[in-house]
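S.K.: Just a sequence and a predicted model for now, questions to come.
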Amino acid sequence: MPRKRMIAAALLLAVGLAGSASAALHGRRNFPADFAGAIADSNRPAADVARDAKRKPAELLAFAELKPGQVVGELLPGGGYFTRLLSKCVGRKGHVYAVITEAQAKGDKPPPVKAIAADPAYDNVTVLAQDFTKLQLPQKADLVWTSDNYHDLHLAKYNLDVAAVNRAIYRALKPGGLYVIVDHAAAAGSGLDVPDKLHRIDPAIVRREVEAAGFKLVGESRVLRNAADDHTKAVFDPAIRGDTDQFVLKFRR
């Protein structure tokens, strides 16, 4: 083989090996389609776009194995940062059910996600107000997603049976469906007083609770980990806000 062809073949092999290593690190079997279109969506607020560098949406959506036409249940969508992205990724043939609590639905201020669902640009988004322990989506989901909110299930003000919530999520998914959790990490070995105090949770607690509902852990991404976070500050503390150490776990039904 001529020297130039040998060098080209070696480079192709190296690229392939690097891609395989990256996929293994992030725990996915393949890298789905490019999410650039969803991220470049002109309807996204400037404030959301400004957060992309830290929130790593392309990496997270790929890790979740998101595909056009899928049905997604998003628990506690907050301001809707991921709601818009999920909507554009699943496209016209897919659907996003943004699930809020019944208390949020009855609050004085409408949850921001309601405005997103009312926007024609996101007409595949439906807001559901439900008791999470009895979660029922209109269709079985390919993916249940929650970002920076699993710890909220343990807040005293909600008084939730978290085991029942995870069992309900299991039932809401199709066989083989995925449950992806992104959240602020608490110190290893910390207890369930931490969610109320710091709005964090020990990843080991999450894994234990979710696996108890019948799920299998199939992947973990370190794309949002930050070793400089010592886990002692509340996530809203200006010294760490936006830069917390976050874990990403993927479970399969």
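M.R.: On my side now, so go ahead.

S.K.: All the strands of the protein, residue numbers only.
M.R.: 71-75, 95-101, 125-130, 141-147, 173-184, 216-221, 246-252 (DSSP state E).

S.K.: a markdown table please, covering these and showing mean neighbour count and distance to residue 194.
M.R.: For glycine as for every other residue, the C-beta is placed from the backbone atoms N, C-alpha and C. Converted to a markdown table, the strands of the chain look like this (neighbours: other Cβ atoms under 10 Å; distance: least, Cβ to Cβ, whole Å):
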| stretch | mean neighbour count | distance to residue 194 |
| --- | --- | --- |
| strand 71-75 | 26 | 20 |
| strand 95-101 | 25 | 21 |
| strand 125-130 | 18 | 26 |
| strand 141-147 | 24 | 18 |
| strand 173-184 | 20 | 10 |
| strand 216-221 | 17 | 20 |
| strand 246-252 | 22 | 14 |
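
S.K.: which stretches of the stretch 101-250 of the chain have low pLDDT?
M.R.: The stretch 101-250 of the chain contains no residues with pLDDT under 70.

S.K.: what sits up against stretch 231-241?
M.R.: 148, 184-187, 190, 197-200, 229, 244-245 (Cβ atoms under 8 Å, 6 or more residues apart in numbering).

S.K.: got JSON lines for the residues you listed, with distance to residue 165 too?
M.R.: Formatted as JSON lines, these follow (distance: Cβ to Cβ, whole Å):
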{"residue": "148", "distance to residue 165": "16"}
{"residue": "184", "distance to residue 165": "18"}
{"residue": "185", "distance to residue 165": "20"}
{"residue": "186", "distance to residue 165": "19"}
{"residue": "187", "distance to residue 165": "24"}
{"residue": "190", "distance to residue 165": "20"}
{"residue": "197", "distance to residue 165": "21"}
{"residue": "198", "distance to residue 165": "21"}
{"residue": "199", "distance to residue 165": "18"}
{"residue": "200", "distance to residue 165": "18"}
{"residue": "229", "distance to residue 165": "27"}
{"residue": "244", "distance to residue 165": "23"}
{"residue": "245", "distance to residue 165": "24"}
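
S.K.: Pull out the buried residues from these.
M.R.: Buried members of these, scored by 16 or more other Cβ atoms under 10 Å, are 148, 184, 185, 186, 190, 198, 199, 200, 229, 244, 245.

S.K.: Excluding residues flanking it in the chain, which one is nearest the fourth one?
M.R.: Computed as Cβ to Cβ, 6 or more residues apart in numbering, the closest residue to residue 186 that is not its neighbour in sequence is residue 200, at 3.8 Å.

S.K.: Could you measure from the one you found over to residue 157?
M.R.: Remark: distance between residue 200 and residue 157 (Cβ to Cβ, to the nearest Å) = 17 Å.
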